[in-house]
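Asker: I need the structure of the sequence given here:
(one chain, ligands or ions: 1)
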Amino acid sequence: MTEVRIQALTKRYGHQTAVDGLTFDVPAGAVTAFLGPNGAGKTTTLRMLVGLARPSAGAALIDGRPFAELPNPRRAVGALLESGGFHPGRRGRDHLRILAGAARLPHARVDEVLDEVGLTEAGRRRVRGYSLGMRQRLGLAGALLGDPGLLVLDEPANGLDPAGMAWLRALLKRRAAAGHTVLVSSHVLAEVAQTADHVVIVHRGRLRYEGPAGGDLEHTFLTTTEATSAV
Ligand SMILES: Nc1ncnc2c1ncn2[C@@H]1O[C@H](COP(=O)(O)OP(=O)(O)OP(=O)(O)O)[C@@H](O)[C@H]1O
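Answerer: Coordinates of the predicted model:
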């Protein structure tokens, strides 16, 4: 069971405050949707959680520690924060083999995760020929390699077709049912309503809502974010 605690988390870029004293918990054994308008601070928060950005103040803790202090971070946390970053000339399978090697994970995991994301055949092809949805699936495969207790996904549904969305929904629910912690940002409220158990809404870097999913999510979103965007 992996607990996530965001505590008075703040990130400033010059005079701009992207994340502003944000506090919330992410429960284990549930899918938590992380919502907010464009520029609300979601990606910045997730980047701090997985050690890609340093907080200006406050903390993002995984089982009580910042990512950088986890004893085995690549096994504890699987993250998908952008679907780029693949070497275009590399085969999908080789990309995952390199990740597995760096994390000292058994190479057998590569075939398991390729199968899990439906890329068994495509894994033999070079990434330059992948569609956006296939790149998302490959990114998800990378996040799943270490069978992590915590999955952190930034808009993973981007580029997925309807069957891909249904597949992703089932995957996230399966992880949560197995007791894992799943934190996923999204703009697709209808999708979130079908997937999430718990919802966190931010706006202008601040917490606007935290609670169980259900009810009229669109109404909650629009009223808590004043239907305006910071960008
Ligand atoms: N590296 C950076 N340098 C300067 N400003 C940044 C940087 N990263 C993010 N910001 C700013 O911080 C704010 C929050 O951005 P962030 O990407 O976290 O929002 P978001 O909620 O993920 O948005 P979206 O839904 O559009 O992806 C924005 O105003 C953005 O311009």
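Asker: around the ligand, pick out the residues from this protein.
Answerer: Proximity of the chain to the ligand, by CB under 6 Å from any ligand atom, involves residues 13, 16, 18, 36, 38-44, 230. Glycine gets a C-beta too; all of them are placed from N, C-alpha and C.
Asker: just want the most central residue of this structure.
Answerer: With distances taken as CA atoms, centre = their mean, Leu153 lies nearest the centre of the chain, 1.2 Å away.
Asker: what lines up beside the helix or strand harbouring that one in the sheet?
Answerer: Assigned by DSSP states H and E, Leu153 falls within strand 150-154. With DSSP bridges as the test, strand 150-154 is paired with strand 77-80 (parallel), strand 181-185 (parallel).
Asker: what's the farthest-apart pair in the residues of the chain next to the ligand?
Answerer: Greatest spacing in the residues of the chain next to the ligand, by CB to CB: Tyr13 and Gly36 (17.0 Å).
Asker: those two: which has the busier surroundings?
Answerer: Between Tyr13 and Gly36, Gly36 has the larger neighbour count (other CB atoms under 10 Å), namely 27 against 11.
Asker: now the more buried one: closest residue in space that isn't a chain neighbour?
Answerer: Closest residue to Gly36 apart from its sequence neighbours, by CB to CB, 6 or more residues apart in numbering: Val202 at 4.1 Å.
Asker: after the host helix or strand of that neighbour, which helix or strand is next? Please name it.
Answerer: Assigned by DSSP H and E, Val202 belongs to strand 198-203. Heading C-terminal from strand 198-203, the first helix or strand you meet, by DSSP H and E, is strand 206-212.
Asker: got the angle between that next one and strand 198-203?
Answerer: Counting by axes from the mean of the first three to the mean of the last three CA atoms, to 10 degrees, strand 206-212 points 160 degrees away from the direction of strand 198-203.
Asker: where along this protein do the helices fall?
Answerer: 42-49, 73-76, 92-102, 108-116, 132-144, 162-177, 189-195, 217-224 (DSSP state H).
Asker: could you dump the ones you listed to TSV with mean neighbour count?
Answerer: Output for the helices of the chain, formatted as TSV (neighbours: other CB atoms under 10 Å):
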stretch	mean neighbour count
helix 42-49	24
helix 73-76	18
helix 92-102	19
helix 108-116	17
helix 132-144	22
helix 162-177	16
helix 189-195	18
helix 217-224	16
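Asker: looking at those helices, spot the one closest to Ala28.
Answerer: Closest to Ala28 of the helices of the chain, according to CB to CB: helix 162-177, at 8.5 Å.
Asker: many thanks, we can stop here.
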